[in-house]
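Q: I need the structure of the sequence given here:
(one chain, ligands or ions: 2)
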Amino acid sequence: MVTNILISINNTFSLSNHNRFVTYSLAKQLIDISRIFATKIIIMNAYSIFKYLHSGFRYVVLILVLLAIIQAFLSWMGKKPYTEGNRKLNLFAMISAHTQLLIGIVLYFLSPYVKDFSHATMQDNESRYWTLEHWVMMLFAIALITFGHARSKKATLPEAKHRAIALYYTLAVVVIVAAIVQMSAFPGRSLFGIS
Ligand code: HEM
Ligand code: HEM
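A: Ligands and ions are numbered 1, 2, ... in the order given. Sure, this is the predicted structure:
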C-alpha cells in the first residue's frame, strides 16, 4: 500500500519534476514517521507499560521510605515532637508502597515470567522467583510498612510514633533491597536498570 502511494506520486504527470520530487520526499518522510510510531505502539503493550511503571516506581517507594526512615531516626534520637510533616511523609511512603502492590498484582497476570505452581517451575530459580518469591517478599515488606504505619498512628507519645516508623520501615527496606539484589542476578536484569 505504501509503495503504491509513492509510485502514484511519482507517476503524477500534472506535477513538475521539482514538485513531484518535493511531494515524493514529504510523503516518504511521513510514512517513515508513521512507521516509527507504529513500531512504538506495537512495543508498548499493556505488559511493557505496567512493567516500566512498576520498575520505575520502585524508586518512588525506596526514596520515600528512606526519607521517612532518616526522619524517624533523627526525630526519635533527638526526642523531637511528631509534626504534621512527619505524619505526611510516613503516610505518602505507605501509599506509594500500596500503589506498587496494586501495579505488581496487575503485572503478575501479564508477565510471561510468571508460570504455574508446578514442580518444574519450582525447580528453576528464575521462574520460582517471579512466580512466588518476588511477591511473597515484597508483600511481606509492604505489610511491615502498613503495620509500622498503623502502630505509629496508634501510639500517643511522639517517641513511640517515630520508633515504630524507624524500626518497621527499616525492616521493610532490608527485605525490598534483598529481593531486588536477588533479582539482579538473573540474565538481562540489573540492580538499577529497567529490563
Ligand atoms: C491491592 C491493593 C491494596 C491493598 C491490599 C491495601 C491495603 C491496605 C490496608 C490493609 C490498609 C490499612 C492500614 C491501617 O490499618 O493503618 C490500607 C490503608 C490505606 N491505603 Fe491501602 N491498599 C491497597 C492499595 C492502595 C492504593 C492503590 C492506595 C492509594 C493510591 C492506598 C492508600 C491507602 C491509604 C490512604 C490508607 C489509609 C492510611 C491511614 O491510616 O491513614 N492503598 N491499605
Ligand atoms: C515494594 C514492592 C515492590 C518492588 C520494589 C518491586 C520491584 C520490582 C522490580 C525492580 C522489578 C523488575 C523490573 C525490571 O526488570 O525492569 C519487578 C518486576 C515484577 N514485579 Fe515487583 N516489586 C514490588 C512488589 C511486587 C508485588 C507485590 C508483585 C505481585 C503481586 C510484583 C510482581 C512483579 C512482577 C510480575 C514483575 C515482572 C516480571 C517480568 O515480567 O519481568 N511486584 N518488581
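Q: hey, let's count contacts and neighbours off CA atoms from now on
A: Fine.
Q: Assign a three-state SS to the residue positioned nearest the centre of the chain, would you?
A: Ranked by distance to the mean C-alpha position of the chain (C-alpha atoms, centre = their mean), the top residue is residue 54 at 1.9 Å. The three-state label for residue 54, taken from DSSP: H, G, I helix; E, B strand; the rest coil, comes out as helix.
Q: One more: residue 115?
A: Following three-state DSSP, the label given to residue 115 is coil.
Q: I'd say it and residue 122 touch.
A: No: under the contact definition of C-alpha atoms under 8 Å, residue 115 does not touch residue 122, with a separation of 9.4 Å.
Q: sorry, back to before: tell me who's in contact with the residue nearest to the centre of the chain.
A: Contact partners of residue 54, counting by C-alpha atoms under 8 Å, 6 or more residues apart in numbering, are 100, 103-104.
Q: Export the residues you listed as a markdown table, with columns for distance to residue 71 and pLDDT.
A: A markdown table is the format used below for the contacts of residue 54 (distance: C-alpha to C-alpha, whole Å; pLDDT from 0 to 100):
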| residue | distance to residue 71 | pLDDT |
| --- | --- | --- |
| 100 | 22 | 98 |
| 103 | 27 | 98 |
| 104 | 28 | 98 |
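Q: Spell out which parts of the protein neighbour ligand 1.
A: The chain has residues 95, 98-99, 101-102, 146, 150 near ligand 1, with proximity defined as C-alpha under 6 Å from any ligand atom.
Q: Those: which two are farthest apart?
A: Between any two of these, the greatest separation by C-alpha to C-alpha is 19.5 Å, found for 102 and 150.
Q: Pull up the residues of the protein that are close to ligand 2.
A: Taking C-alpha under 6 Å from any ligand atom as the test, the list of the chain residues beside ligand 2 reads 55, 58, 97, 100-101, 104-105, 107-108, 111-113, 130, 135, 138-139, 176, 180, 189, 194-195.
Q: In this structure residue 158 contacts residue 81, no?
A: Yes: contact between residue 158 and residue 81 holds when scored by C-alpha under 8 Å: they sit 5.5 Å apart.
Q: okay, and the common contacts of these two?
A: Common neighbours of residue 158 and residue 81 (criterion: C-alpha under 8 Å, 6+ apart): none identified.
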